[in-house]
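**Student:** below: sequence and its predicted model.
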Amino acid sequence: MCGIVAYSGTKSATPILLNGLRKLEYRGYDSAGIAIHSDNTIHIYKEEGKVANLIDSIGDYENDAVHQQCHVGIAHTRWATHGPPTKENAHPHGAGFEEPGGSRIALVHNGIIENYRALKSRLEAEGKVFLSDTDSEVLSHLIEFYYTDDLAKAISTALKEVQGTFGIACIAKDQPDMLVVARRGSPIVIGLGEDQTIVASDASAIISHTRQAVYLDDNDVAIIRGGKIDIKTLDAKPVQRDTADIDWSEGAAEKGGYEHYMLKEIFEQPTAIRNSIRGRIDLDRGTSVLAGLGLDSREIVDLQRLLIVGCGTSMNAGLVGEYAIEDFAGMLSEVEQAAEFRYRNPIVGSKDIVLAISQSGETADTLAAVREAQEKGALVAGLVNVVGSTIARETGRGIYLHAGPEISVASTKAFTCQVSVLLLIALKFARSRRLSREQGIKIAEEINSLPELVERVLEQNDAIAKIAEDFVKFDNMFYIGRGYLFPVALEGALKIKEISYIHAEAYHAAELKHGPIALLEESMPVVALLNAGPGMEKTLGNVEECRARKSPVLGVISEGDEDARAACDWVIEVPQSSQFIATVTSTVALQLFSYHVARLRGCPIDQPRNLAKSVTVE
Ligand code: F6R
């Protein structure tokens, strides 16, 4: 949700900033801008729309002296919160332009300034002129208001008055080599170079320059000059932050010949799942090895409940986890939307473990739920993909997904890796409680076979694309499933609506009769999750009810199941397996289905309207 890039070093800043913005565009793409320091002036360029528009409007920066001589700069790609996506509301925001010679400072900001109205009134009374509707511009004026000759001090003073969240990067006209960055609740990664530093809101914008990075903690302020970095607290106390290695390859964050990141990430799933489960399955003992949880068998036996919190796709994965924990381990488990958990005063205690699931590790609602659970004395763990992200660091214990960077806004490989690891957690808890070694081995072997089963689903890409052709014309769809396959219906409906803009609703198959059935007709197709297993016969009955009302049905069925095939208008076959494994294979089939429907409808698949990767506002 919004991306920041900033640079201080010996090279020309403009191409580095623009390349960084391209890498971060998945985080927000309604407007973009850069501010560079050159010729004793801050030059600000911004444009509505994609980064490509900004690049066009800047023109031939490679041969322009202003750009050749700029060695410090900041950049931003925006996902609008306060004010529409216009050029005026795009970042960077200048301040101090009331006096001759242009802005005294320029700022880019991720996050939300909650008390911006009060601050704005105060600054307007001081004569400050506002050019945008944004909360971020208020912060730039506030910093400029306090700025005499010490930029870091002015930033710290201003930030102490701010309520809300921020990741910021700021430059000043009279500090030609200095860049100051700070964070509270919105990530800032500082990429280290010999005589240069590249800052970004996430690692994908810096990995082409360096693998060595420092992650700022909340309320850190870093003063950067070329390769020199001083980190202080808001109270100006010097602090040391550890250097981390970023292990994502540059290629992992590129499209690699695929038309869209989403397709690439769908096809990466066998490898991603392999990486998620590697070294974590003990086939001999029929259990899993999850050292990051920091729990021995005695402690697991003492736990009463596993509460899972997350949002969107991560929450859907959590539901599969809930079913598996209860099914394998006979342990109480509940999933809750993270914002709901946070605001409804949940009952949690020391016998509960709360598992926060988040691909990005930055989702504001999930982070707030983590803090609430910690406040209430629960044990809190994270299931996170992005190493060094806020949720990973604040939970302290947990399991990394190792799925590699997920760039497409629509989450795919994160879901299947989350489910794979949740099955491992369920197996571990089950073996500590009631599952025999033999039963454990059987489940462990099935989890181990996931990458290969997913490969077999991917082989059907062309057949699924063909089926998708028949769905382009529809405006509404239902998805139904029961048991383990109910979360798959939820995830399938979420995927198709976010990328193809077809309105889709998921229902527990049994729920259809309690109201939604009124909508069934020829123009309302139903996607039914029909993998063999408990409840499948009943869902087949629901399919009959749909077809009796003329709704065409696409079934996701187990390979070779002729009864299920006969009940549907179209089928996608996935390998025969237990239903908990079919949660992954069927989801992969529905990801491909959504992808092709969206492609055929001409939708901007990697950057759907109104969305952005990583929702860092509540
Ligand atoms: C859907 C999607 C979102 C995210 C949700 C949580 O495709 O990507 O629903 O799953 O915003 O994000 P994370 O997992 O980063 O916390």
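**Tutor:** Structure received.

**Student:** neighbours around whatever residue of the chain ends up closest to the ligand, how many?
**Tutor:** Taking C-beta to the nearest ligand atom, the ligand has its nearest neighbour within the chain at residue 312, 1.9 Å off. Every C-beta, even on glycine, is put in place using the N, C-alpha and C of the backbone. A count of neighbours around residue 312, defined by other C-beta atoms under 10 Å, yields 22.

**Student:** so what's it up against?
**Tutor:** 411, 494 (C-beta atoms under 8 Å, 6 or more residues apart in numbering).

**Student:** can you pull out the strands in the stretch 1-150 of the chain?
**Tutor:** 3-8, 31-38, 41-48, 72-78, 93-95, 105-110 (DSSP state E, counting those that start in this stretch).

**Student:** packing partners of the first one?
**Tutor:** In terms of contacts (3 or more C-beta pairs under 8 Å, 6 or more residues apart in numbering; DSSP states H and E), strand 3-8 is packed against helix 13-24, strand 72-78, strand 105-110, strand 166-172, strand 178-184, strand 197-200, strand 220-225.

**Student:** show residues contacting the fourth one.
**Tutor:** Just to be clear, that refers to strand 166-172. Defining contact as C-beta under 8 Å, 6+ apart, one finds that strand 166-172 is touched by 4, 6, 35, 37, 42, 72-74, 104-111, 113, 139-140, 143, 147, 151, 155, 159, 178-188, 199, 201.

**Student:** same deal with the last one?
**Tutor:** Residues from elsewhere that reach strand 220-225, judged by C-beta under 8 Å, 6+ apart: 6, 8, 151-152, 155-156, 159, 177-183, 188, 190, 197, 199, 214, 216, 229-234, 239, 241.

**Student:** same check on the fifth one?
**Tutor:** Under the contact criterion C-beta under 8 Å, 6+ apart, strand 178-184 has outside partners 6-8, 72, 74, 111, 151-152, 155-156, 159, 162, 165-172, 188, 190, 197, 199, 216-225, 234.

**Student:** quick one: pLDDT of the nearest residue to residue 147 once chain neighbours are set aside?
**Tutor:** Nearest residue to residue 147, sequence neighbours excluded (C-beta to C-beta, 6 or more residues apart in numbering): residue 154, at 3.9 Å. At residue 154, the model reports a pLDDT of 97.

**Student:** what parts of the chain come near the ligand?
**Tutor:** Contact residues (C-beta under 6 Å from any ligand atom) of the chain with the ligand: 311-314, 358-360, 363, 366, 410-411, 494, 498, 614-615.

**Student:** among the residues you listed, who's most crowded?
**Tutor:** With neighbours taken as other C-beta under 10 Å, the top of the residues of the chain next to the ligand is residue 358, carrying 34 neighbours.

**Student:** isn't that one up against residue 390?
**Tutor:** No. At 9.2 Å, residue 358 does not count as touching residue 390 under the criterion of C-beta atoms under 8 Å.

**Student:** what ranges does the stretch 251-400 of the chain have for its strands?
**Tutor:** 281-282, 287-288, 305-310, 332-337, 352-358, 379-384, 398-400.

**Student:** for the fourth one, buried residues please.
**Tutor:** Residues of strand 332-337 classed as buried: 333-337 (neighbour count, 16 or more other C-beta atoms under 10 Å).

**Student:** pick the one among those closest to residue 47.
**Tutor:** residue 337 (36.2 Å; C-beta to C-beta).

**Student:** hmm, residue 558 is touching residue 572, no?
**Tutor:** No. Residue 558 is not in contact with residue 572 according to C-beta under 8 Å; the separation is 10.8 Å.

**Student:** tally of neighbours for residue 122?
**Tutor:** Other residues near residue 122 come to 15 when the count uses other C-beta under 10 Å.

**Student:** over to residue 385?
**Tutor:** Residue 385 has 26 neighbours, counted by other C-beta under 10 Å.

**Student:** isn't it up against residue 399?
**Tutor:** No. Applying C-beta under 8 Å, one finds residue 385 not in contact with residue 399, separated by 10.2 Å.

**Student:** residue 581 versus residue 531, what's the distance?
**Tutor:** Per C-beta to C-beta, to the nearest Å, residue 531 is found 9 Å from residue 581.

**Student:** wait, I meant residue 67
**Tutor:** From residue 67 across to residue 581, the span is 54 Å (C-beta to C-beta).

**Student:** how is the chain carved up into domains?
**Tutor:** Listed by automatic domain parsing, the domain ranges of the chain are 3-246, 252-448, 456-618.

**Student:** need the helices for the stretch 451-600 of the chain, in chain order.
**Tutor:** 461-469, 485-500, 536-548, 562-567, 579-600 (DSSP state H, counting those that start in this stretch).

**Student:** among the ones you listed, which comes closest to residue 475?
**Tutor:** Smallest distance to residue 475 across the helices of the stretch 451-600 of the chain (C-beta to C-beta): 10.3 Å, for helix 485-500.

**Student:** how far does that closest one sit from its chain's centre?
**Tutor:** 16 Å (C-alpha atoms, centre = their mean, to the nearest Å).

**Student:** mind giving me the packing neighbours of it?
**Tutor:** So helix 485-500, by 3+ C-beta pairs under 8 Å, 6+ apart, packs with helix 312-324, strand 476-481, strand 503-508, strand 526-530, helix 579-600.

**Student:** what's the closest of the ones you listed to residue 435?
**Tutor:** That would be helix 312-324 among the helices and strands packed on helix 485-500, by C-beta to C-beta, at 11.5 Å.

**Student:** could you pull up the mean pLDDT of the closest one?
**Tutor:** Mean predicted lDDT for helix 312-324 stands at 98.

**Student:** residue ranges in the stretch 1-150 of the chain under the pLDDT threshold?
**Tutor:** For the stretch 1-150 of the chain, applying pLDDT under 70 flags the ranges 1, 28.

**Student:** swap the cut-off to 80 and go again
**Tutor:** Applying pLDDT under 80 to the stretch 1-150 of the chain flags the ranges 1, 26-29, 80-81, 98-101.

**Student:** likewise the chain?
**Tutor:** 1, 26-29, 80-81, 98-101, 247-256, 611-618.

**Student:** so residue 245 sits against residue 211, correct?
**Tutor:** Yes. In this structure, residue 245 is within contact of residue 211 by C-beta under 8 Å, at 5.7 Å.

**Student:** between the two, tell me which one has more neighbours.
**Tutor:** In this view residue 245 and residue 211 are compared by other C-beta under 10 Å, and residue 211 has more residues nearby, 16 against 8.
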